[in-house]
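**Student:** Below is the structure, and that's it, no one-letter string:
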């Protein structure tokens, strides 16, 4: 099947080009035709509306604004999860010396409703200016913006920092400030007609691109291999690319936060781009997007079961040997083996002496089996203070062992005659109580490695 996709001619989109060049989409029966969109978000939204594009890799704020205004498309997943750094630029000989001098200035924008337009409003609010007093000149694309600044028909331009860096280095432009998008910057949007008639092809496409993104970030020597490719293909200094690569994170699944979407909508209302509220479910295709789960009902047996039947395996697909924790000393493999060890303890395969008694034990037990998540400072048994020697040859083997141990525990927990272990801070747990704690424990460490 032939699908037309559009995106800006910038370094963020290299994973798409690599997947196309490697024939990854064709292996799934998809003939993906890439069309560059130098006009940015506004041009891509227009292409979706007209049917000139089936898919767009588009700024989050821009497509949310356009879908809210009737664009017959939906978001099917994130593409870049990190924020976008916008450089605030003037001509080299401009009278404006800092970004704070630009109140009421004339800004070059690619199109109304584009990122360069919306972020000008956002930046004005951040500086406590009246956004309604900003003035705009529609220039079509970056080339038009550069020409407008040099010709003095526009005073300033907001554009992605590293894309404009060569023009700053050459002396054509001057960057006098920066502003950051307060949400993940790029999403994947698809026309409703395609979603309705070709959902299987979109599922395959998402699978391919998320693998490409993962490979781009985590391949061997990615910091040198991926950055070198970007430097060569986009004519950027390697030092700039390394700085950009270090702060950029691509999505590897379709999980999106409702809170993030609502923040974008609220901001667009605040700056006057929208005059109505719209729910995340109306902006995203529920057949593809999985809304991020922030709150867990640890005592819900159905929720526990769903996690161990499918959620655990899905989350572990994101774990890589070089995945870094948000806290603590564990490597990815240490974390997996730690969970396996905890399951062995729950099965009574070994015992750690009870650490508490009396009121202290009752209080700890109530916390371990209660509704609150485990904290980062939760007490650890003596054997967990230091990293233990790894037992498996690699992460993949450790994950296989973990899954097998989960199945062993599930069988034991259902057997009323099975003898289960003692928790060193909670005492005797029955099967249901161990299942609750194990669920809580898995969620704690999966959050540690950003798997959920």
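**Tutor:** Okay, I see it. Just so it is clear, the structure is predicted and the values come from calculations on it, not from any experiment.
**Student:** Could you count how many residues lie near the nearest residue to residue 371 once chain neighbours are set aside?
**Tutor:** Distances taken as Cβ to Cβ, 6 or more residues apart in numbering place residue 298 nearest to residue 371, at 6.1 Å, with adjacent residues excluded. C-beta here means a position set from N, CA and C on the backbone, and glycine is covered the same way. For residue 298, the neighbour count with other Cβ atoms under 10 Å is 18.
**Student:** residues touching residue 213, list them.
**Tutor:** Applying Cβ atoms under 8 Å, 6 or more residues apart in numbering to residue 213 gives the contacts 15, 79, 250, 251, 252.
**Student:** do the same with residue 436
**Tutor:** Applying Cβ under 8 Å, 6+ apart, we find residue 436 in contact with 298, 299, 304, 369.
**Student:** any chance of these in TSV, plus pLDDT, secondary structure and distance to residue 230?
**Tutor:** Shown next, in TSV, are the contacts of residue 436 (pLDDT from 0 to 100; DSSP: H, G, I helix; E, B strand; the rest coil; distance: Cβ to Cβ, whole Å):
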residue	pLDDT	secondary structure	distance to residue 230
298	84	coil	43
299	81	coil	48
304	88	helix	43
369	91	coil	50
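**Student:** Most widely separated two among these?
**Tutor:** Pairwise distances across the contacts of residue 436 peak at 12.6 Å for 304 and 369 (criterion: Cβ to Cβ).
**Student:** circling back to that earlier point, now render the contacts of residue 436 as TSV, adding distance to residue 143.
**Tutor:** Shown next, in TSV, are these (distance: Cβ to Cβ, whole Å):
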residue	distance to residue 143
298	55
299	59
304	56
369	63
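**Student:** Can you tell me which of those has the most neighbours?
**Tutor:** Counting by other Cβ under 10 Å, top hit in the contacts of residue 436: residue 304 with 21 neighbours.
**Student:** From residue 272, how far off is that one?
**Tutor:** 46 Å (Cβ to Cβ, to the nearest Å).
**Student:** quick one: contacts for residue 376?
**Tutor:** 327, 328.
**Student:** let's see 10 Å
**Tutor:** 326, 327, 328, 444, 447, 448 (Cβ atoms under 10 Å, 6 or more residues apart in numbering).
**Student:** Turn the buried ones among those into a named PyMOL selection, would you?
**Tutor:** With 16 or more other Cβ atoms under 10 Å as the burial test, the buried ones among those are selected in PyMOL as follows:
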select buried, resi 447+448
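**Student:** Quickly list the domain ranges of this structure.
**Tutor:** Domains of the chain are assigned by automatic domain parsing as 2-81+185-291, 85-180, 301-448.
**Student:** What's the first helix or strand after the helix or strand encompassing residue 75?
**Tutor:** Assigned by DSSP states H and E, residue 75 belongs to strand 73-80. Following strand 73-80 in sequence order, the next helix or strand is strand 85-91 (DSSP H and E).
**Student:** buried residues in stretch 337-347?
**Tutor:** In stretch 337-347, counting by 16+ other Cβ under 10 Å, buried: 337, 338, 339, 340, 341, 342, 343, 345, 346, 347.
**Student:** From those residues, pick the one nearest residue 390.
**Tutor:** Nearest to residue 390 out of the buried residues of stretch 337-347 is residue 337 (Cβ to Cβ; 6.5 Å).
**Student:** Make sure the closest one is actually in contact with residue 390.
**Tutor:** Yes - counting by Cβ atoms under 10 Å, residue 390 is a contact partner of residue 337 at 6.5 Å.
**Student:** what residues are shared contacts of the two?
**Tutor:** With Cβ under 10 Å, 6+ apart as the test, residue 337 and residue 390 both reach 331, 397, 398.
**Student:** Just the buried ones from the residues you listed?
**Tutor:** 331, 398.
**Student:** Now pLDDT too, for the shared contacts of residue 337 and residue 390, in TSV please.
**Tutor:** Output for the shared contacts of residue 337 and residue 390, formatted as TSV (pLDDT from 0 to 100):
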residue	pLDDT
331	93
397	94
398	95
